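Engineer: can you look at this prediction? I've put the sequence above it.
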Amino acid sequence: YLEDVKIQARGQLQAVESRYKAQKRITQAFELEILDLFGRLEKSSLLKKLEDDKTEAAE
Amino acid sequence: YLEDVKIQARGQLQAVESRYKAQKRITQAFELEILDLFGRLEKSSLLKKLEDDKTEAAE
Amino acid sequence: MADDSQRNFRSVYYEKVGFRGVEEKKSLEILLKDDRLDIEKLCTFSQRFPLPSMYRILVWKVLLGIIPPHHESHALVMKYRKEQYWDIHHALHVIRFINDSTPQVDVFLRIHQLESGKLPRSLAFPLEPEDEVFLAIAKAMEEMVEDPIECYWLVSCFVNQLNSKHKDSLQQLPKILEQYLNIEDNRLLMHLKACAAMSKLPYDLWFKKCFAGCLPESSLQRVWDKVISGSCKILVFVAVEILLTFKMKIIALNTAEKITQFLENIPQDNTDAIVSKAVDLWRTHCGTPAHSV
């Protein structure tokens, strides 16, 4: 009977652990996304700056 | 002793639960950041588009 | 043992005279009534008999470890599974990998990729061969399972099972196929070899996708019963029976390309009989199914 309780507990624990691991994967994916978005934002503001400079130089 | 095992099992379950919740809070913070970055990126590309249109109109 | 063989004889008899499944269904119901499900007995059952369709999904979920043996925990564990599904689903929305019009199977793929740490950096990346396998299995499973969350878990755990437990055996299957084809129909094997078709048979469709996209779902699920309960060797016998069934057609074709193309699109009207024959052949060659892998 004791064995039974242990097996039952393990069954539940596995499911909660899997949910926790998934949440961790999400955090990792979000981290990458944030880095990527920062990169794109910087590139776009750099581009903008370059264009502004060009426009100024032309004027 | 059986009672013991049950208490232990519940303790483990709760520990993973609280780790899950902590992780979820991180995810939520990251989510806000991502939404913000998307917003800024869209604004900057919108701005760029507006300026491009202006330049084209001026030419 | 005597009891066993007698029972086997009886159920074969029932199968023949059309009472198929009456006794089996009852014995499965008894197994399913246990407070703690006996995984091994459930495996043995589904190795021996076709699962009654009303219990199939439940048995698959137990065998694939989606729900644990204890009845008492089923509701709680399914609640966790659901939350996990929606957590990832929502996250994929946030990073714009899916939207409201993304087809269900693509949603499943992205969830599975994220869970296994294989989400590509961009949506534009081409799919990997393993993604194609996942999608084929998901499309077939979608036809069998109504609830999307249940369906996702079944696909994901089935694919994981194929990639872990069955990985080595799956690679052996083409060779084993040749062995059995040699026994069953040497002339057909010679023809396939003469056309250099043996190396070009649709092995990915047969053994990696487990016939998803090849057989209609009603036949397919009877094959998957055996795979999920532990035997991937059944796949070889389904392939052998496909070859035997369409022998005349195959003999008439004389290039590997034509043969492969035909085998990738076999007629769908006779597939139930093919699966039944494959199960019989598997029994003949592998003895008591419970002990074969």
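Structural biologist: Perfect, thanks for sending it.

Engineer: and the residue in chain A that chain C sits nearest to, what pLDDT?
Structural biologist: Taking Cβ to the nearest Cβ, chain C has its nearest neighbour within chain A at A:G11, 2.6 Å off. Yep, even glycine has a C-beta here, placed from its N, CA and C like the rest. Note for A:G11: predicted pLDDT of 92.

Engineer: same check, this time on C:T288
Structural biologist: 61.

Engineer: now do A:K43
Structural biologist: With respect to pLDDT, A:K43 has a value of 87.

Engineer: wait, a helix at it?
Structural biologist: Yes. According to DSSP: H, G, I helix; E, B strand; the rest coil, A:K43 belongs to a helix.

Engineer: quick one on the thing from earlier: give the contact list for the residue of chain A closest to chain C.
Structural biologist: C:67-70, C:73, C:77 (Cβ atoms under 8 Å, 6 or more residues apart in numbering or on different chains).

Engineer: secondary structure class of it, three-state.
Structural biologist: helix.

Engineer: most surrounded residue in the contacts of A:G11?
Structural biologist: C:P68 (25 neighbours; other Cβ atoms under 10 Å in any protein chain shown).

Engineer: correct me, but that residue touches A:D4?
Structural biologist: No. Using Cβ atoms under 8 Å as the test, C:P68 is too far from A:D4 to be in contact (11.7 Å).

Engineer: most residues in a single helix of chain C, which one?
Structural biologist: helix C:71-94 (DSSP state H).

Engineer: how far off centre is that one?
Structural biologist: 24 Å (Cα atoms, centre = their mean, to the nearest Å).

Engineer: can I get it in CSV, CA atoms only?
Structural biologist: The C-alpha coordinates for helix C:71-94 follow below in CSV (Å, rounded to 0.1, in the frame of the first residue of the first chain):
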residue,chain,number,x,y,z
HIS,C,71,-7.6,6.8,-11.5
GLU,C,72,-7.7,9.2,-8.6
SER,C,73,-5.0,11.4,-10.1
HIS,C,74,-6.4,11.6,-13.7
ALA,C,75,-8.4,14.7,-13.2
LEU,C,76,-5.5,16.6,-11.5
VAL,C,77,-2.9,15.5,-14.0
MET,C,78,-5.1,16.4,-17.0
LYS,C,79,-5.5,19.8,-15.4
TYR,C,80,-1.7,20.2,-15.4
ARG,C,81,-1.5,19.0,-19.0
LYS,C,82,-4.1,21.5,-20.0
GLU,C,83,-2.4,24.4,-18.3
GLN,C,84,0.9,23.4,-19.8
TYR,C,85,-0.7,23.4,-23.3
TRP,C,86,-2.3,26.8,-22.8
ASP,C,87,0.9,28.3,-21.3
ILE,C,88,2.9,27.4,-24.4
HIS,C,89,0.0,28.2,-26.7
HIS,C,90,-0.2,31.7,-25.2
ALA,C,91,3.6,32.2,-25.4
LEU,C,92,3.7,31.3,-29.0
HIS,C,93,1.1,34.0,-29.6
VAL,C,94,3.2,36.5,-27.8
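
Engineer: and it, what's buried?
Structural biologist: C:73-74, C:76-78, C:80-81, C:83-85, C:87-89, C:91-92, C:94 (16 or more other Cβ atoms under 10 Å in any protein chain shown).

Engineer: how about the contacts of A:G11 in a markdown table, adding pLDDT?
Structural biologist: Shown next, in a markdown table, are the contacts of A:G11 (pLDDT from 0 to 100):
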| residue | pLDDT |
| --- | --- |
| C:I67 | 96 |
| C:P68 | 95 |
| C:P69 | 95 |
| C:H70 | 94 |
| C:S73 | 94 |
| C:V77 | 96 |
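
Engineer: what two of those are the furthest from one another?
Structural biologist: C:P69 and C:V77 (10.7 Å; Cβ to Cβ).

Engineer: centre of chain C to the edge, which residue is at the far end?
Structural biologist: C:V94 (33.5 Å; Cα atoms, centre = their mean).

Engineer: that residue and A:R25, how far apart?
Structural biologist: C:V94 sits 13 Å away from A:R25, going by Cβ to Cβ, to the nearest Å.

Engineer: which residues does the closest residue to C:L135 other than its chain neighbours contact?
Structural biologist: Leaving aside its sequence neighbours, C:L135 sits nearest to C:V105 (Cβ to Cβ, 6 or more residues apart in numbering or on different chains; 5.5 Å). Contact partners of C:V105, counting by Cβ under 8 Å, 6+ apart, are C:135, C:138-139, C:142.

Engineer: get me the contact residues on chain C for chain B.
Structural biologist: Selection of chain C residues close to chain B by Cβ under 8 Å from any Cβ of the partner chain yields C:87, C:91, C:94-96.
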